[in-house]
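**Q** sequence-free structure coming up:
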């Protein structure tokens, strides 16, 4: 039985991801937590960071999109649904971070140098996978996310609320990324990954998701502080 309509499949997945974000926006308790002056620029900045990679990845053949499951509308070489993805995902998922950040105050008490070292090791290990374009770049993005966060906002990496947020995001990730990779909507280029996967999801996607949410949360916290300082 087909779950999705062809040509609308990716659009339907985006709408399914967006739905909880709309629900949380309506619910008064969670609506009060949402800081849209911080959410919107955080989403925009992270989306730009990942869309630049996305445009290049399509150009060099790291991945592509199955025309059977996307609309014919393009933003340069990307289906419009792919661009939407980077906006609907954080809009729905950052509410979990906002809730955890209010409710969970425990710290991990890990020195920031540990996160800097971890990021440096991940960054250096990317050189071992230079022949696998997806693996190579995702390790650079992930390593850089740890290093940048450890210098700019080590408290985020040291907070239990952040890691609970990351763990929570992996639940919808497993569902929606399975759809994206099993139909498949996203088709990876030959040799772009190391070939290790969980069901149909390449291990690189797990690292991609982690790096993406580190940047979303980091920029969200930075813009939140800016809003508080400006008194708006």
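**A** Perfect, thanks for sending it. This structure is a prediction, so every number in the text was calculated from the model and none was measured. Numbering: from 1, shown residues only.

**Q** so residue 148 makes contact with residue 222?
**A** No: the pair residue 148 and residue 222 fails to qualify as a contact (CB atoms under 8 Å) at a distance of 10.7 Å. C-beta coordinates here come from the backbone N, C-alpha and C atoms, glycine included.

**Q** check contacts around the residue nearest to residue 140 when sequence neighbours are not counted.
**A** Distances taken as CB to CB, 6 or more residues apart in numbering place residue 126 nearest to residue 140, at 5.0 Å, with adjacent residues excluded. Residue 126 is in contact with 135, 136, 137, 139, 140, 143, counting by CB atoms under 8 Å, 6 or more residues apart in numbering.

**Q** then residue 86?
**A** Neighbours of residue 86 in contact, by CB under 8 Å, 6+ apart: 43, 46, 47, 50, 51.

**Q** look up phi and psi at it.
**A** Dihedral angles of residue 86 (phi, psi; degrees, to the nearest 10) stand at phi -70, psi -10.

**Q** can you find the helix or strand of the protein with the lowest average pLDDT?
**A** helix 28-33 (a mean of 73; mean pLDDT, DSSP states H and E).

**Q** show me which pair in the contacts of residue 126 is furthest apart.
**A** Largest separation among the contacts of residue 126 by CB to CB: 135 and 143, giving 12.2 Å.

**Q** of the two, who's got more company?
**A** Taking other CB atoms under 10 Å, residue 135 and residue 143 do not tie; residue 135 has more neighbours (25 against 21).

**Q** shouldn't that one be in contact with residue 127?
**A** No: using CB under 8 Å, residue 135 is not in contact with residue 127; the gap is 11.0 Å.

**Q** which residue ranges of the protein form strands?
**A** With DSSP state E as the criterion, the chain has strands at 63-65, 74-75, 78-79, 186-188, 197-198, 201-202.

**Q** how about residue 182, what does it touch?
**A** Neighbouring residues of residue 182 by CB under 8 Å, 6+ apart: 199, 200.

**Q** how far away is it from residue 197?
**A** 11 Å (CB to CB, to the nearest Å).

**Q** then residue 157?
**A** In terms of CB to CB, residue 157 sits 28 Å off from residue 197.

**Q** kindly report the same for residue 214.
**A** On the measure of CB to CB, residue 214 and residue 197 end up 22 Å apart.

**Q** between the two, which one's more packed in?
**A** residue 214 (23 against 15).

**Q** residue 145 is in contact with the more buried one, correct?
**A** Yes: if you go by CB under 8 Å, residue 214 and residue 145 touch, sitting 4.1 Å apart.

**Q** quick check: which ranges of the protein have low pLDDT?
**A** Residue ranges of the chain with pLDDT under 70: 1, 32, 231-232.

**Q** where do the helices of it begin and end?
**A** With DSSP state H, the ranges of helices along the chain come out as 9-26, 28-33, 36-60, 80-103, 112-125, 133-152, 154-157, 160-182, 203-230.

**Q** relative to residue 19, which of the strands of the chain is closest?
**A** strand 78-79 (20.1 Å).

**Q** what lines up beside that closest one in the sheet?
**A** Here strand 78-79 is paired, per DSSP bridges, with strand 74-75 (antiparallel).

**Q** and the strands of the chain as CSV, adding distance to residue 25?
**A** Formatted as CSV, the strands of the chain follow (distance: least, CB to CB, whole Å):
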stretch, distance to residue 25
strand 63-65, 29
strand 74-75, 25
strand 78-79, 26
strand 186-188, 28
strand 197-198, 32
strand 201-202, 29
